[in-house]
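K.L.:
3D model of this:
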Amino acid sequence: MFRQVILSVADNRLVSETIKRYGFQMGARRFVAGETLDDAVRATRAMNQEGIAATLDHLGESVRDRAEAEQAARAYHELQARLHAEKLDANVSLKLSMMGIDVDRALGIEQTRELVAEAARLGSFVRIDMEDSRYTDVTLNAFRDFWSLYPGHVGAVLQAYLRRSSSDLEALSDEPRNFRIVKGAYNEPPNLAFPAKADVDDHYRALVEQSLAAGHYTAIATHDERMIGHALRYIRAHNIPKDRFEFQMLYGINLGGLRELTREGYRTRVYIPYGTDWYAYFTRRLAERPANLLFFARALWNR
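P.N.:
The predicted structure follows:
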(Lines give C-alpha, C1' and ligand atoms only; values in the text may rest on other atoms or scores of the structure.)
Protein backbone atom coordinates (compact mmCIF):
# COMPACT_ATOMS: atom_id res chain seq x y z
CA MET A 1 0.00 0.00 0.00
CA PHE A 2 2.81 2.44 0.91
CA ARG A 3 4.46 1.85 -2.48
CA GLN A 4 1.23 2.46 -4.42
CA VAL A 5 0.50 5.68 -2.55
CA ILE A 6 3.97 7.16 -3.10
CA LEU A 7 4.06 6.23 -6.79
CA SER A 8 0.61 7.70 -7.33
CA VAL A 9 1.58 10.96 -5.61
CA ALA A 10 4.80 11.10 -7.65
CA ASP A 11 2.72 11.28 -10.83
CA ASN A 12 1.21 14.58 -9.68
CA ARG A 13 2.54 17.41 -11.85
CA LEU A 14 3.19 19.82 -8.96
CA VAL A 15 4.97 17.14 -6.95
CA SER A 16 7.10 16.05 -9.89
CA GLU A 17 8.08 19.63 -10.76
CA THR A 18 9.04 20.35 -7.15
CA ILE A 19 11.16 17.22 -6.77
CA LYS A 20 12.81 17.71 -10.16
CA ARG A 21 13.72 21.24 -9.13
CA TYR A 22 15.07 20.54 -5.65
CA GLY A 23 15.42 16.78 -5.32
CA PHE A 24 18.92 16.31 -6.66
CA GLN A 25 20.38 18.86 -4.29
CA MET A 26 18.25 17.79 -1.34
CA GLY A 27 18.51 14.00 -1.35
CA ALA A 28 18.55 12.41 -4.77
CA ARG A 29 22.35 12.50 -4.77
CA ARG A 30 22.27 9.88 -2.04
CA PHE A 31 20.75 7.42 -4.53
CA VAL A 32 22.14 8.72 -7.86
CA ALA A 33 25.90 9.03 -8.44
CA GLY A 34 25.51 12.19 -10.50
CA GLU A 35 24.36 13.47 -13.85
CA THR A 36 27.45 12.67 -15.95
CA LEU A 37 29.51 9.66 -16.95
CA ASP A 38 32.48 11.14 -15.10
CA ASP A 39 30.40 11.15 -11.91
CA ALA A 40 29.53 7.49 -12.43
CA VAL A 41 33.14 6.51 -13.14
CA ARG A 42 34.32 8.22 -9.95
CA ALA A 43 31.72 6.38 -7.89
CA THR A 44 32.62 3.07 -9.56
CA ARG A 45 36.33 3.52 -8.93
CA ALA A 46 35.67 4.26 -5.26
CA MET A 47 33.60 1.08 -4.92
CA ASN A 48 36.21 -1.00 -6.75
CA GLN A 49 38.87 0.22 -4.34
CA GLU A 50 36.85 -1.42 -1.56
CA GLY A 51 36.59 -4.69 -3.47
CA ILE A 52 33.01 -4.08 -4.60
CA ALA A 53 32.06 -4.46 -8.27
CA ALA A 54 29.48 -2.23 -9.94
CA THR A 55 26.73 -2.28 -12.49
CA LEU A 56 25.99 1.10 -14.08
CA ASP A 57 22.63 2.34 -15.29
CA HIS A 58 22.35 5.40 -17.52
CA LEU A 59 18.95 6.55 -16.33
CA GLY A 60 16.09 6.97 -18.76
CA GLU A 61 12.87 5.24 -19.76
CA SER A 62 10.35 5.24 -22.60
CA VAL A 63 12.11 7.40 -25.17
CA ARG A 64 9.76 9.32 -27.44
CA ASP A 65 11.31 8.91 -30.88
CA ARG A 66 13.99 7.14 -32.88
CA ALA A 67 16.54 9.90 -32.38
CA GLU A 68 16.28 9.63 -28.57
CA ALA A 69 16.59 5.85 -28.72
CA GLU A 70 19.69 6.05 -30.89
CA GLN A 71 21.18 8.68 -28.59
CA ALA A 72 20.56 6.40 -25.60
CA ALA A 73 22.30 3.51 -27.34
CA ARG A 74 25.30 5.71 -28.14
CA ALA A 75 25.52 6.70 -24.47
CA TYR A 76 25.70 3.02 -23.54
CA HIS A 77 28.37 2.28 -26.12
CA GLU A 78 30.38 5.16 -24.66
CA LEU A 79 29.79 3.80 -21.17
CA GLN A 80 30.97 0.29 -22.05
CA ALA A 81 34.05 1.62 -23.83
CA ARG A 82 34.93 3.84 -20.84
CA LEU A 83 34.59 1.02 -18.32
CA HIS A 84 36.81 -1.19 -20.47
CA ALA A 85 39.42 1.50 -21.09
CA GLU A 86 39.72 2.27 -17.37
CA LYS A 87 39.77 -1.43 -16.46
CA LEU A 88 36.97 -1.01 -13.94
CA ASP A 89 35.24 -4.00 -12.38
CA ALA A 90 31.85 -3.04 -13.71
CA ASN A 91 29.18 -3.88 -16.26
CA VAL A 92 26.03 -2.14 -17.45
CA SER A 93 22.29 -2.39 -16.90
CA LEU A 94 19.77 -1.10 -19.41
CA LYS A 95 16.05 -1.00 -20.13
CA LEU A 96 14.49 -2.06 -23.42
CA SER A 97 12.16 0.95 -23.30
CA MET A 98 15.20 3.23 -23.30
CA MET A 99 16.55 1.38 -26.33
CA GLY A 100 13.35 2.26 -28.21
CA ILE A 101 11.06 -0.78 -28.27
CA ASP A 102 8.00 1.46 -27.81
CA VAL A 103 9.05 3.51 -30.84
CA ASP A 104 10.06 0.58 -33.03
CA ARG A 105 10.34 -2.87 -31.48
CA ALA A 106 12.86 -4.06 -34.05
CA LEU A 107 15.03 -1.01 -33.37
CA GLY A 108 14.96 -1.52 -29.61
CA ILE A 109 15.84 -5.20 -29.88
CA GLU A 110 18.63 -4.64 -32.40
CA GLN A 111 20.21 -1.80 -30.43
CA THR A 112 20.22 -3.98 -27.33
CA ARG A 113 21.66 -6.93 -29.26
CA GLU A 114 24.49 -4.71 -30.51
CA LEU A 115 25.32 -3.68 -26.95
CA VAL A 116 25.35 -7.30 -25.79
CA ALA A 117 27.57 -8.21 -28.76
CA GLU A 118 29.93 -5.41 -27.81
CA ALA A 119 29.99 -6.62 -24.20
CA ALA A 120 30.90 -10.10 -25.42
CA ARG A 121 33.79 -8.69 -27.48
CA LEU A 122 35.02 -6.75 -24.44
CA GLY A 123 34.63 -9.70 -22.10
CA SER A 124 31.90 -7.85 -20.23
CA PHE A 125 28.20 -8.23 -19.48
CA VAL A 126 24.82 -6.52 -19.98
CA ARG A 127 21.99 -6.82 -17.48
CA ILE A 128 18.57 -6.24 -19.07
CA ASP A 129 16.54 -4.58 -16.34
CA MET A 130 12.93 -5.54 -15.77
CA GLU A 131 10.36 -2.77 -16.08
CA ASP A 132 6.64 -2.80 -15.35
CA SER A 133 4.56 -5.82 -16.37
CA ARG A 134 3.85 -4.50 -19.88
CA TYR A 135 7.47 -5.34 -20.72
CA THR A 136 7.88 -8.69 -18.99
CA ASP A 137 7.29 -10.96 -21.99
CA VAL A 138 9.33 -8.97 -24.49
CA THR A 139 12.19 -8.60 -22.01
CA LEU A 140 12.41 -12.31 -21.18
CA ASN A 141 12.05 -13.33 -24.83
CA ALA A 142 14.87 -10.96 -25.81
CA PHE A 143 17.01 -12.30 -22.98
CA ARG A 144 16.54 -15.88 -24.15
CA ASP A 145 17.46 -14.93 -27.72
CA PHE A 146 20.54 -12.94 -26.68
CA TRP A 147 21.72 -15.72 -24.38
CA SER A 148 21.67 -18.16 -27.29
CA LEU A 149 23.92 -15.77 -29.25
CA TYR A 150 26.18 -14.54 -26.45
CA PRO A 151 25.95 -17.00 -23.54
CA GLY A 152 27.39 -15.67 -20.31
CA HIS A 153 27.34 -12.05 -21.43
CA VAL A 154 23.72 -11.13 -20.72
CA GLY A 155 21.44 -11.43 -17.71
CA ALA A 156 17.82 -10.80 -16.79
CA VAL A 157 15.91 -9.65 -13.71
CA LEU A 158 13.02 -11.37 -11.95
CA GLN A 159 10.73 -9.42 -9.63
CA ALA A 160 9.43 -11.20 -6.56
CA TYR A 161 6.30 -9.09 -6.32
CA LEU A 162 5.05 -10.43 -9.67
CA ARG A 163 3.04 -13.61 -9.26
CA ARG A 164 4.37 -15.04 -12.53
CA SER A 165 8.09 -14.87 -11.75
CA SER A 166 8.47 -18.41 -10.43
CA SER A 167 6.89 -19.79 -13.62
CA ASP A 168 9.11 -17.51 -15.73
CA LEU A 169 12.19 -18.80 -13.94
CA GLU A 170 11.12 -22.40 -14.43
CA ALA A 171 10.58 -21.79 -18.16
CA LEU A 172 14.11 -20.36 -18.45
CA SER A 173 15.79 -23.14 -16.49
CA ASP A 174 16.46 -25.48 -19.41
CA GLU A 175 20.11 -24.46 -18.99
CA PRO A 176 22.07 -22.40 -16.42
CA ARG A 177 21.72 -18.68 -17.04
CA ASN A 178 22.20 -15.46 -15.06
CA PHE A 179 19.45 -13.79 -13.02
CA ARG A 180 19.17 -10.90 -10.62
CA ILE A 181 16.39 -11.44 -8.08
CA VAL A 182 14.72 -8.25 -6.79
CA LYS A 183 11.52 -7.48 -4.92
CA GLY A 184 10.17 -4.99 -7.49
CA ALA A 185 9.12 -1.36 -7.23
CA TYR A 186 6.47 -0.62 -9.88
CA ASN A 187 2.79 0.03 -9.23
CA GLU A 188 0.97 -3.13 -10.36
CA PRO A 189 -2.61 -4.38 -9.85
CA PRO A 190 -3.16 -7.16 -7.28
CA ASN A 191 -4.06 -9.72 -9.94
CA LEU A 192 -0.48 -9.40 -11.24
CA ALA A 193 1.50 -8.55 -8.11
CA PHE A 194 1.34 -9.60 -4.48
CA PRO A 195 -0.09 -6.64 -2.53
CA ALA A 196 1.16 -7.90 0.86
CA LYS A 197 4.82 -7.48 1.81
CA ALA A 198 4.88 -10.87 3.55
CA ASP A 199 3.88 -12.59 0.31
CA VAL A 200 6.54 -10.70 -1.64
CA ASP A 201 9.14 -11.74 0.94
CA ASP A 202 8.07 -15.39 0.74
CA HIS A 203 8.25 -15.31 -3.04
CA TYR A 204 11.66 -13.64 -2.93
CA ARG A 205 13.09 -16.39 -0.74
CA ALA A 206 11.55 -19.04 -2.99
CA LEU A 207 12.96 -17.44 -6.15
CA VAL A 208 16.48 -17.28 -4.73
CA GLU A 209 16.31 -20.94 -3.75
CA GLN A 210 14.81 -21.91 -7.11
CA SER A 211 17.47 -20.03 -9.06
CA LEU A 212 20.37 -21.48 -7.07
CA ALA A 213 18.94 -25.00 -7.20
CA ALA A 214 18.61 -24.75 -11.00
CA GLY A 215 22.31 -23.90 -11.33
CA HIS A 216 21.85 -20.29 -12.41
CA TYR A 217 24.36 -17.60 -11.46
CA THR A 218 22.21 -15.68 -9.00
CA ALA A 219 22.51 -12.02 -8.06
CA ILE A 220 20.76 -11.70 -4.71
CA ALA A 221 19.72 -8.06 -4.84
CA THR A 222 18.27 -6.90 -1.53
CA HIS A 223 19.00 -4.72 1.48
CA ASP A 224 16.76 -6.83 3.68
CA GLU A 225 18.98 -8.52 6.26
CA ARG A 226 16.41 -11.28 6.74
CA MET A 227 16.51 -12.14 3.03
CA ILE A 228 20.32 -12.09 3.06
CA GLY A 229 20.42 -14.31 6.14
CA HIS A 230 17.99 -16.78 4.57
CA ALA A 231 20.04 -16.89 1.36
CA LEU A 232 23.26 -17.53 3.29
CA ARG A 233 21.68 -20.35 5.27
CA TYR A 234 20.46 -21.98 2.05
CA ILE A 235 23.85 -21.49 0.37
CA ARG A 236 25.72 -23.09 3.28
CA ALA A 237 23.24 -25.94 3.68
CA HIS A 238 23.53 -26.84 0.00
CA ASN A 239 27.27 -26.12 -0.42
CA ILE A 240 26.70 -23.56 -3.19
CA PRO A 241 30.14 -22.39 -4.45
CA LYS A 242 30.92 -18.71 -3.98
CA ASP A 243 31.42 -18.27 -7.73
CA ARG A 244 27.75 -19.10 -8.35
CA PHE A 245 26.21 -16.05 -6.71
CA GLU A 246 26.76 -12.49 -5.57
CA PHE A 247 25.04 -9.96 -3.34
CA GLN A 248 23.88 -6.66 -4.82
CA MET A 249 22.65 -3.44 -3.27
CA LEU A 250 21.63 -0.04 -4.58
CA TYR A 251 23.98 2.92 -4.45
CA GLY A 252 23.47 4.90 -1.26
CA ILE A 253 21.52 2.27 0.68
CA ASN A 254 23.08 0.09 3.39
CA LEU A 255 26.55 0.07 1.85
CA GLY A 256 27.83 -0.89 5.27
CA GLY A 257 26.07 -4.22 4.90
CA LEU A 258 27.58 -4.73 1.46
CA ARG A 259 31.04 -3.93 2.80
CA GLU A 260 30.60 -6.51 5.55
CA LEU A 261 29.65 -9.19 3.01
CA THR A 262 32.73 -8.20 1.00
CA ARG A 263 34.97 -8.62 4.04
CA GLU A 264 33.45 -12.07 4.59
CA GLY A 265 34.69 -13.08 1.16
CA TYR A 266 31.47 -12.94 -0.84
CA ARG A 267 31.15 -11.41 -4.28
CA THR A 268 29.39 -8.07 -4.02
CA ARG A 269 28.17 -5.46 -6.46
CA VAL A 270 26.61 -2.01 -6.15
CA TYR A 271 24.03 -0.73 -8.64
CA ILE A 272 25.13 2.78 -9.65
CA PRO A 273 22.62 4.95 -11.57
CA TYR A 274 23.54 8.26 -13.17
CA GLY A 275 22.14 10.76 -15.65
CA THR A 276 19.85 13.75 -15.90
CA ASP A 277 16.67 11.67 -16.21
CA TRP A 278 16.69 10.51 -12.58
CA TYR A 279 13.15 11.33 -11.39
CA ALA A 280 11.41 8.00 -12.05
CA TYR A 281 14.26 6.03 -10.49
CA PHE A 282 14.39 8.31 -7.46
CA THR A 283 10.65 8.12 -6.75
CA ARG A 284 10.77 4.31 -6.89
CA ARG A 285 13.50 4.37 -4.24
CA LEU A 286 11.29 6.59 -2.05
CA ALA A 287 8.42 4.17 -2.54
CA GLU A 288 10.42 1.12 -1.51
CA ARG A 289 11.09 2.06 2.11
CA PRO A 290 9.53 4.63 4.47
CA ALA A 291 13.06 5.40 5.73
CA ASN A 292 14.05 6.66 2.28
CA LEU A 293 11.06 9.01 2.18
CA LEU A 294 11.82 10.32 5.68
CA PHE A 295 15.44 10.97 4.67
CA PHE A 296 14.28 13.06 1.70
CA ALA A 297 11.60 14.89 3.69
CA ARG A 298 14.12 15.92 6.37
CA ALA A 299 16.54 17.15 3.74
CA LEU A 300 13.83 19.19 2.01
CA TRP A 301 12.60 20.64 5.34
CA ASN A 302 16.12 21.68 6.32
CA ARG A 303 16.76 23.40 3.02
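K.L.:
host element of residue 246?
P.N.:
Secondary structure from DSSP states H and E places residue 246 in strand 245-250.
K.L.:
sorry, that was for residue 273
P.N.:
Residue 273 belongs to strand 268-274 when assigned by DSSP H and E.
K.L.:
ok so, going back, listing partners with orientation, what would you give for the strand holding residue 246?
P.N.:
strand 217-221 (parallel), strand 268-274 (parallel) (DSSP bridges).
K.L.:
Which one, of these, ends up nearest to residue 66?
P.N.:
Closest to residue 66 of the strands paired with strand 245-250 is strand 268-274 (C-beta to C-beta; 23.8 Å). For the C-beta atoms, the positions are set from N, CA and C on the backbone; glycine is no exception.
K.L.:
Residues touching the closest one, excluding its own?
P.N.:
31-37, 39-40, 43-44, 47, 51-59, 90, 93, 219, 221, 246-251, 255, 258-259, 261-262, 281 (C-beta atoms under 8 Å, 6 or more residues apart in numbering).
K.L.:
quick one on the thing from earlier: may I see the buried residues of the strand holding residue 246?
P.N.:
Across strand 245-250, burial judged by 16 or more other C-beta atoms under 10 Å covers 245-250.
K.L.:
after it comes which helix or strand?
P.N.:
Assigned by DSSP H and E, the successor of strand 245-250 is helix 255-263.
K.L.:
which other helices and strands contact that next one?
P.N.:
helix 225-237, strand 245-250, strand 268-274 (3 or more C-beta pairs under 8 Å, 6 or more residues apart in numbering; DSSP states H and E).
K.L.:
picking that back up, got the strands paired with strand 245-250 as a markdown table, with mean pLDDT and mean neighbour count columns?
P.N.:
Formatted as a markdown table, these follow (pLDDT from 0 to 100; neighbours: other C-beta atoms under 10 Å):
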| stretch | mean pLDDT | mean neighbour count |
| --- | --- | --- |
| strand 217-221 | 98 | 24 |
| strand 268-274 | 95 | 24 |
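K.L.:
Determine which of those approaches residue 76 most closely.
P.N.:
Of the strands paired with strand 245-250, nearest to residue 76 by C-beta to C-beta is strand 268-274, at 12.1 Å.
K.L.:
Can you give the distance of that closest one from its chain's centre?
P.N.:
Distance of strand 268-274 from the chain centroid (C-alpha atoms, centre = their mean, to the nearest Å) equals 8 Å.
K.L.:
What is the neighbour count of the residue lying closest to residue 191 once chain neighbours are set aside?
P.N.:
What sits nearest to residue 191 in space, not counting adjacent residues and going by C-beta to C-beta, 6 or more residues apart in numbering, is residue 163, at 8.0 Å. Counted by other C-beta atoms under 10 Å, the residues lying close to residue 163 total 16.
K.L.:
Same question for residue 230.
P.N.:
Using other C-beta under 10 Å, residue 230 has 18 neighbouring residues.
K.L.:
give me the low-pLDDT residue ranges for the chain?
P.N.:
1-29, 61-62, 278-303 (pLDDT under 70).
K.L.:
Now tell me what touches stretch 207-225 from outside.
P.N.:
Applying C-beta under 8 Å, 6+ apart, the external contacts of stretch 207-225 come out as 155, 158, 160, 165-166, 169-170, 173, 176-183, 201, 204, 227-228, 230-231, 234-235, 238, 240, 244-250, 253-254, 257, 269, 271, 289.
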